[in-house]
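Enquirer: what follows is a predicted protein model with its sequence.
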Amino acid sequence: MSKIIVPEGYTSDPDLYTTQLLIKEIKDYFQINLANNLNLKRVSAPLFVSTDSGLNDNLNGFEGPVIFDVPEANNEELEIVHSLAKWKRYALKNYNFKMHEGLYTDMNAIRRCEVPDNTHSFYVDQWDWELIMQDDERSEEYLKKVVNVIYRTLKSLDEYLCNLVPQRHKLLKDQITFITSQELLDKYPDIEDSTERERLAVKEYGAIFLMQIGTTLSNGKKHDNRAPDYDDWLLNGDLIVYNPILDDQLELSSMGIRVNPDRLNEQLKQSDNLERLKYNYHQMLIDGKLPQTVGGGIGQSRLCMFFLQKAHIGEVQVSYWPDDYRMALENKGVTLL
């Protein structure tokens, strides 16, 4: 377990049910407005997929999924999803969505390799969304356009909660700042830790969209790893905000324009993952059978934690926490659901 951070003088609200009511307000308001603003329709999504399908997101490449077999299906191996990054593109084709239409869904996952802390847990809940776009819209300009729509939706939620909760103050700045991972390194060349560079940037700007994650920087390192077979590393990014309660950065969303056949091949070569081309999903993409899309995930508990200014994600999410971890937080005035 990682270090527990509890701000001085902080205690959880003892009225747990009021917190639950506010969680529902946040989720209902945000998903309805996100769907309207991006032209998304709600669909159901899988909790697990076949290992052989190639549909699961392998995140940074080293996090192992929860795997189980099914005796009544010839002991086929199935995996709890990490995210639905690839499944959504496949679903848009199967559901016959049209140009500039998209889907969103509740994604629930187990990330067994996660290291729990104030903002991470073994359980992940997020809105996964995906939108069909034109091939000639594959550009930084189009990506920024979509990001601004999402940020306006977040700002609208911020204002809505100010009307709902007495004496609450807005948390978000009027504008989001766009910066690439290389520009961030150039801005803070003496800071080795990429997360600390993010923290310094959001303290200055309030909210940033950090672009081009997965590419190798001038220092020979990557800002962070990304799977090679969904986001185009040149056209992706993380939406990160300054979180006052922890005086830290908080990533609310990861998203990007998805790979086309050329970028898929290039990124599989760069990451030494060409063996993935054996999967049906990857063959469909190479053969041009999947639509060009933009998409991402938006953390539901992260959103609630931020807008309610909770110090720990376990205050807005029911997950598993070891007894000693839970007790340590209780002793510091933090009650986990």
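Expert: Yep, that arrived.

Enquirer: use CA for all of it now, contacts and neighbours both
Expert: Will do.

Enquirer: next helix or strand past the helix-or-strand element of the chain with minimal mean pLDDT?
Expert: For the chain, scoring each helix and strand by mean pLDDT, DSSP states H and E identifies strand 67-70 as the least confident one, at a mean of 80. Moving toward the C-terminus from strand 67-70, the next helix or strand (DSSP states H and E) is strand 76-80.

Enquirer: which strands or helices does that following strand pack on?
Expert: In terms of contacts (3 or more Cα pairs under 8 Å, 6 or more residues apart in numbering; DSSP states H and E), strand 76-80 is packed against strand 48-50, strand 67-70.

Enquirer: need the winner for burial among those.
Expert: Highest mean neighbour count among the helices and strands packed on strand 76-80 (mean count of other Cα atoms under 10 Å): strand 48-50, with a mean of 18.

Enquirer: and it, average pLDDT?
Expert: What strand 48-50 shows for mean pLDDT is 82.

Enquirer: and what of stretch 27-39?
Expert: Per-residue pLDDT values across stretch 27-39 average out to 97.

Enquirer: pull the residues that contact it.
Expert: Under the contact criterion Cα atoms under 8 Å, 6 or more residues apart in numbering, stretch 27-39 has outside partners 40-42, 100-102, 104, 127, 131, 146, 149-150, 153-154, 157, 300, 304.

Enquirer: and what of stretch 11-24?
Expert: If you take Cα under 8 Å, 6+ apart as the criterion, stretch 11-24 is touched by 304, 310, 315-316, 332-335.

Enquirer: and the strands in the stretch 101-250 of the chain, which stretches?
Expert: For the stretch 101-250 of the chain, applying DSSP state E, counting those that start in this stretch gives strands covering 102-110, 123-132, 177-180, 207-211, 231-243, 248-258.

Enquirer: can you redo those strands as a markdown table with distance to P71?
Expert: Below are the strands of the stretch 101-250 of the chain laid out as a markdown table (distance: least, Cα to Cα, whole Å):
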| stretch | distance to P71 |
| --- | --- |
| strand 102-110 | 22 |
| strand 123-132 | 26 |
| strand 177-180 | 48 |
| strand 207-211 | 44 |
| strand 231-243 | 35 |
| strand 248-258 | 35 |
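
Enquirer: among those, which is nearest Q292?
Expert: strand 123-132 (6.0 Å; Cα to Cα).

Enquirer: show me what that closest one is packed up against.
Expert: Against strand 123-132 (3+ Cα pairs under 8 Å, 6+ apart) you get strand 40-42, helix 85-94, strand 102-110, strand 293-299, helix 300-307.

Enquirer: between the ones you listed, which one is closest to E77.
Expert: Of all these, it is strand 102-110 that lies closest to E77, at 16.3 Å by Cα to Cα.

Enquirer: adjacent strands (with direction) for that closest one?
Expert: Strand 102-110 pairs in its sheet with strand 40-42 (parallel), strand 123-132 (antiparallel), by DSSP bridges.

Enquirer: using CSV, write out every CA atom in the last one.
Expert: Looking back up the chat, that one is strand 123-132. C-alpha atoms of strand 123-132 as CSV (Å, rounded to 0.1, in the frame of the first residue of the first chain):
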residue,chain,number,x,y,z
TYR,A,123,-12.1,-1.2,-8.6
VAL,A,124,-12.5,1.1,-11.5
ASP,A,125,-15.7,2.8,-12.6
GLN,A,126,-15.8,5.2,-15.6
TRP,A,127,-17.8,6.4,-18.5
ASP,A,128,-16.3,4.9,-21.6
TRP,A,129,-17.3,6.8,-24.8
GLU,A,130,-16.5,6.6,-28.5
LEU,A,131,-17.5,8.8,-31.4
ILE,A,132,-17.3,8.1,-35.2
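
Enquirer: returning to what we had before: how about the helices and strands packed on strand 76-80 in CSV, adding distance to L268?
Expert: Listed next are the helices and strands packed on strand 76-80 as CSV, based on distance: least, Cα to Cα, whole Å:
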stretch, distance to L268
strand 48-50, 21
strand 67-70, 24
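
Enquirer: of those strands, which approaches L172 most closely?
Expert: Closest among the helices and strands packed on strand 76-80, using Cα to Cα: strand 48-50, at 35.4 Å.

Enquirer: for stretch 152-167, buried residues please.
Expert: Neighbour counts over stretch 152-167 (16 or more other Cα atoms under 10 Å) mark 152-158, 160-161 as buried.

Enquirer: tell me which two of the contacts of stretch 11-24 sit farthest apart.
Expert: Pairwise distances across the contacts of stretch 11-24 (Cα to Cα) peak at 21.2 Å, for the pair C304 and K332.

Enquirer: neighbour count: those two, which is higher?
Expert: Of the pair C304 and K332, C304 is the one with more neighbours under other Cα atoms under 10 Å, namely 23 against 17.
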